[in-house]
Structure formats: C-alpha cells, structure tokens
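S.K.: make a model of this:
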Amino acid sequence: MTDLLDVRTLTGADPDARGERNMKGTQQDVYFFTSIEDFPAGVGDLGLTHDDAQGFHDYVKQFNTPNGWYRDGSVGQWIYEQTYDNWLDDVGFDSAKVVYHSGHGVMGADGVFSIPVGNDWGGDHWTSSADMRLGDEYARYAFWSTCESLRVKGGHTPLRTWGTANLGLRMIFGYETVSVDDGNYGRYFFDEWKKGKSFSTAFLDASWRISRHQEPAVVACGATQAEASDRVFNERFFDGARASTTWWWWRWYDMAARRTRTLDVPSRARSAAFAPAAPRDLAAGWRDRFGDASRLVLAGDGAREVTLAPPTESDRDLSDDEAVDVARRAIDRHGVAEHVELALDHIRYDRHAGGTQDELVDARVRERTVTFVQLVDGVPVVTPGGGRVQVRVDNEGTVTAVADSTRPVADVRDVAAVPAAPSSGTGNRRAGGSDASSIDELLDESLQRRLRRAAAGGRVPSAVHAVPESTEVGYAVRGDAAVLVARREVEVGFGHGLAKRYVLEEPIT
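M.R.: Reported below is the predicted structural model:
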C-alpha cells in the first residue's frame with residue numbers, strides 16, 4: 001500500500017527529532033535568527049525579511065525556544081564574526097545548530113559574500129564571509145536568505161566563498177542569483193519538508209514556489225565525496241555532529257523556457273472559479289493511478305505529489321526532448337490532470353557538482369523536471385506555485401516523481417469593467433486594450449508606485465530592469481478562484497552592488 005502523507009495533519013513533525021534533550025525535556029542551542037528590513041543610510045530598505053524569518057521561526061518554536069532573534073538596528077557584525085559569534089554561549093551565528101539570516105547580500109568578483117547589517121558596532125555596517133568562522137562551536141546549518149549568498153556559476157563555487165569560514169557546518173543554503181523579496185521562504189520550506197523531502201529539496205522547491213527565475217542553491221560537506229553527496233541530497237533531520245570540510249557537494253535549480261510568454265489579453269477580461277477540492281477522492285484516485293508509488297502527498301489545497309523512485313546514478317545525459325516525451329507519456333498513462341488543458345512551460349534542471357581544495361568535479365544534470373502549465377480558456381496560469389504539472393525524469397528516462405497543482409475549472413465569466421478614472425497619474429487606471437504597450441503601461445505604473453515608496457524612505461534605487469522572460473498575461477490563483485493579471489518581475493539596484501527582485505502583479509479589468 002502506498003504511504004499517504006496528508007500535510008494538513010503534520011504540524012507536529014519535528015525537524016530536530018534526533019536532537020539531545022536537556023533536563024527539562026526541551027532542546028537548547030538549536031535555532032538563532034537575524035533579519036533586517038530597516039538598513040542604515042545608503043542601503044535600500046526591504047519589506048518582507050521579518051516575515052520570511054517568522055515563517056521558519058513559528059514552525060520550529062513548537063518544539064523548542066530559539067536562542068534569539070535580532071532585528072534591524074540590533075544586528076551588528078559581532079553576531080557573525082568569531083570573537084562574539086557565540087556570546088555568553090547563547091547569542092550569535094555560532095550559538096545554535098541552525099542559524100537563519102534574511103536581508104541583503106552581494107558577492108564580489110573575488111567570491112567574498114558580504115552583507116550590510118543594522119548598526120555600525122564594528123566601525124561600519126558591513127561584514128563578510130572573509131570575516132566569519134562558523135561551525136567551530138554549535139552551528140551546523142546556515143540559511144542565507146539573501147541574494148548571491150551561494151554562487152555556483154561564473155567561476156564561483158561554495159568552496160571558494162565559504163572554504164575558510166566553514167569550520168564544521170554540515171550544510172549551507174543560499175542563492176546563485178538575486179532573489180525576490182518575499183515573506184514566504186521560511187514557511188514554504190517547512191511546507192515542503194513535511195512532504196517527506198530532504199532539507200535541500202525542500203529549500204529548492206520552496207524557492208521555486210516563489211519564482212522560477214531565481215536560482216536557489218545548497219551545499220553540504222563531508223569526509224568523502226560520497227558522504228557530502230549523500231548529505232546534500234538526503235539529509236532530513238538537523239544533526240549536531242560537526243562535519244568534515246574535506247569534500248563539498250552542491251546542487252541548484254535553473255531552467256530553460258519552452259513556452260513563449262504572451263501579452264495577449266482576451267477580448268473580455270475574465271475570472272474563473274475552480275471546482276471544489278475533494279481531498280479524500282483525490283487521494284483515492286491517485287492511489288489507484290500510482291499503485292507502485294513509495295509516497296503520496298496530499299496538500300491542504302488539493303495539490304498532489306507522488307514519489308515513485310530515487311533518481312538512478314547514470315553516466316547517460318538524457319536530452320530535453322527525450323525528457324519531454326517521457327513526461328507526456330507518464331501524464332497520459334496515469335491520467336494526470338485529465339480534466340484540464342495543459343501546455344509545456346519549461347524544463348527545470350537539478351544540477352550538482354563538488355570538489356575539494358585540490359580538485360573540482362564538473363557540473364552535471366541529475367534530473368530534469370518537465371513542467372506543464374494549466375490553461376484556462378486558452379490563457380495560462382501565472383502563479384508559480386499553482387496550476388502546474390511537474391514530472392521529474394532522471395537520466396535513464398525514469399519518472400521519479402509527479403506533482404499536480406491543477407484544478408478543474410467550474411466556471412469562466414466576464415468581469416465588469418472598472419469605471420474609467422481621470423488621467424491623474426495616480427495609478428487607478430486599468431489596462432483597457434489588448435496590445436503589449438497597454439500591458440507595459442499598466443506594469444510601469446505599478447513599478448512607479450513601488451519606487452515612490454522607496455524614495456519616500458530616502459533610498460532612491462540606482463537601477464531598475466525587467467527580469468527576462470518574466471512578463472506575461474495570465475491567471476493568478478486566489479484560493480478557489482483565478483483572476484486575469486499582468487505579471488512581471490523587476491530587479492531593483494540599491495547601490496553597493498546590492499539588488500532585490502520584486503513581483504509586479506496588476507489585475508486586468
């Protein structure tokens with residue numbers, strides 16, 4: 001019988017279940033947090049880093065009390081640098097097994113990762129990976145929810161950036177690219193972990209629910225290549241044992257788009273209603289379809305995810321077209337999303353590489369995830385975490401997992417037009433035409449409102465550009481409904497090499 005996990009019932013799953021307990025029955029020195037939204041002069045503020053850390057914090061505090069959570073002006077260099085990073089055996093980035101930072105970040109051409117902090121305790125408000133020494137005390141897992149914290153391309157490697165700073169960390173989590181300012185990273189991480197996924201897969205999949213245009217990355221360390229590789233792919237519970245830093249192995253997600261984005265607007269603006277989700281019926285149906293599955297996960301919103309087999313270690317390099325053919329056959333064979341219209345959207349690559357101080361192993365693709373997007377009356381769903389069928393295919397052409405977040409459409413209806421507003425530049429107007437210029441104008445107004453808010457706080461962005469392949473018209477999922485929107489990601493520069501991405505999403509009426 002296939003194991004069924006209903007994530008609605010898994011609020012009590014402890015990620016540190018193998019940890020030591022103190023005399024009072026609680027765990028100590030397990031979690032420590034920092035997050036910064038309000039930066040000193042000269043650095044652009046952020047808006048959702050506290051929410052990001054809050055999602056992680058609120059889940060783990062069910063099991064033990066974190067050592068601390070420092071925010072904004074309380075965050076100084078001392079928290080990260082060796083002299084005080086375990087201050088009084090209680091506070092700092094080496095004071096707990098799992099440490100989590102959300103804020104700005106940037107990596108230089110020399111591979112040094114730097115972050116601005118909240119005060120100038122050390123003479124300025126910056127610190128860097130060159131100044132840190134983590135893992136010689138308590139830290140074993142470092143989450144850097146920032147831009148460019150774990151680069152793996154363009155001559156960069158995690159070993160180059162963190163080789164000196166890491167004195168015992170088992171795993172480091174971060175980003176190759178500039179990341180989106182979003183408050184759901186921490187919460188989504190445990191949403192994915194509760195599905196039975198390893199830490200690295202949960203982190204990568206959580207990020208992909210926010211944006212497919214950013215590239216999350218994870219590295220693990222061990223005494224041998226096999227140990228480091230096994231840890232990065234499979235470690236699932238926080239462990240207090242110090243890791244050897246002889247071998248490093250890392251993995252990351254990136255993608256190739258296979259569908260042309262469109263700015264075409266239907267002749268009439270539309271909204272859609274989805275058929276109600278029936279979790280028990282969905283679970284029973286998927287059990288029938290995938291009787292040989294090792295695990296079936298049912299999410300609270302009705303999304304289904306089935307694990308069929310671990311990826312096979314293989315020297316073969318499957319082509320993208322072969323992977324698409326395998327995925328299509330699997331969808332047909334198992335009757336996945338049989339009541340919805342699908343279009344091929346993109347191929348996501350699960351890449352991995354590694355090495356030591358003396359040798360590097362070239363990157364390879366471990367799996368391809370072929371992703372199909374749901375169409376509503378011929379128009380795609382644009383919400384990253386919904387309206388998708390994802391089929392994981394390894395290099396032997398084996399389907400290892402299938403995920404389906406599509407919903408049958410019960411009704412599509414016209415939306416009454418919003419009365420025209422005076423042309424005052426206040427941003428109340430909505431797109432009234434179906435051409436690309438009308439959509440660009442709508443999104444430009446949205447961007448200008450965001451930039452005015454930033455300027456009002458005294459931080460004028462230094463540069464702005466649209467993220468390639470991120471502008472399109474489609475349906476945004478809102479619970480049991482979907483509304484027609486224009487969507488775009490923009491990257492905003494804040495000087496000092498710092499940047500952040502933002503999602504612009506405006507309804508079309």
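S.K.: who's in contact with the residue nearest to residue 292 when sequence neighbours are not counted?
M.R.: Among residues not flanking residue 292 along the chain, residue 308 sits closest, at 6.9 Å (CB to CB, 6 or more residues apart in numbering). For the C-beta atoms, the positions are set from N, CA and C on the backbone; glycine is no exception. By CB atoms under 8 Å, 6 or more residues apart in numbering, the contact set of residue 308 is 290, 292, 293, 294, 398, 399, 400, 401, 402.
S.K.: CA atoms of the one helix or strand residue 464 maps to as PDB?
M.R.: Taking DSSP states H and E as the definition, one finds residue 464 inside strand 463-466. Provided in PDB are the C-alpha atoms of strand 463-466 (Å, rounded to 0.1, in the frame of the first residue of the first chain):
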ATOM      1  CA  ALA A 463      18.900  51.000 -11.400                       C
ATOM      2  CA  VAL A 464      15.800  49.000 -12.400                       C
ATOM      3  CA  HIS A 465      15.300  46.400 -15.200                       C
ATOM      4  CA  ALA A 466      12.800  43.700 -16.000                       C
END
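S.K.: coming back round to it: which of the contacts of residue 308 scores worst on pLDDT?
M.R.: pLDDT across the contacts of residue 308 is lowest for residue 293, at 70.
S.K.: inside strands: which ones of the contacts of residue 308?
M.R.: Judged by DSSP state E, strands contain the following of those: 399, 400, 401, 402.
S.K.: distance of residue 76 relative to residue 404?
M.R.: Plainly put, residue 76 is 47 Å away from residue 404 if you go by CB to CB, to the nearest Å.
S.K.: quick one, longest strand in this protein?
M.R.: If you go by DSSP E, the chain has its longest strand at strand 360-376.
S.K.: and the next helix or strand after that one, how far from the chain's centre?
M.R.: Scanning forward in sequence from strand 360-376 by DSSP H and E, the next helix or strand is strand 379-380. In terms of CA atoms, centre = their mean, to the nearest Å, the centre of strand 379-380 is found 23 Å from the chain centre.
S.K.: so which of the ones in strands among the contacts of residue 308 is the closest to residue 349?
M.R.: Residue 349 lies nearest to residue 400 out of the ones in strands among the contacts of residue 308, by CB to CB, at 14.2 Å.
S.K.: for the residue lying closest to the closest one once chain neighbours are set aside, give me its contacts.
M.R.: Closest residue in space to residue 400, ignoring its immediate chain neighbours: residue 392 at 4.6 Å, by CB to CB, 6+ apart. By CB under 8 Å, 6+ apart, the residues touching residue 392 are 311, 350, 367, 368, 369, 399, 400, 401, 402.
S.K.: so what's the closest residue to the fifth one other than its chain neighbours up against?
M.R.: Looking back up the chat, that one is residue 369. Excluding the flanking residues, the one nearest residue 369 by CB to CB, 6+ apart is residue 348, at 4.1 Å. Counting by CB under 8 Å, 6+ apart, residue 348 makes contact with 208, 212, 253, 254, 255, 368, 369, 371, 390.
S.K.: quick one, phi psi at residue 170?
M.R.: phi -80, psi -40 (degrees, to the nearest 10).
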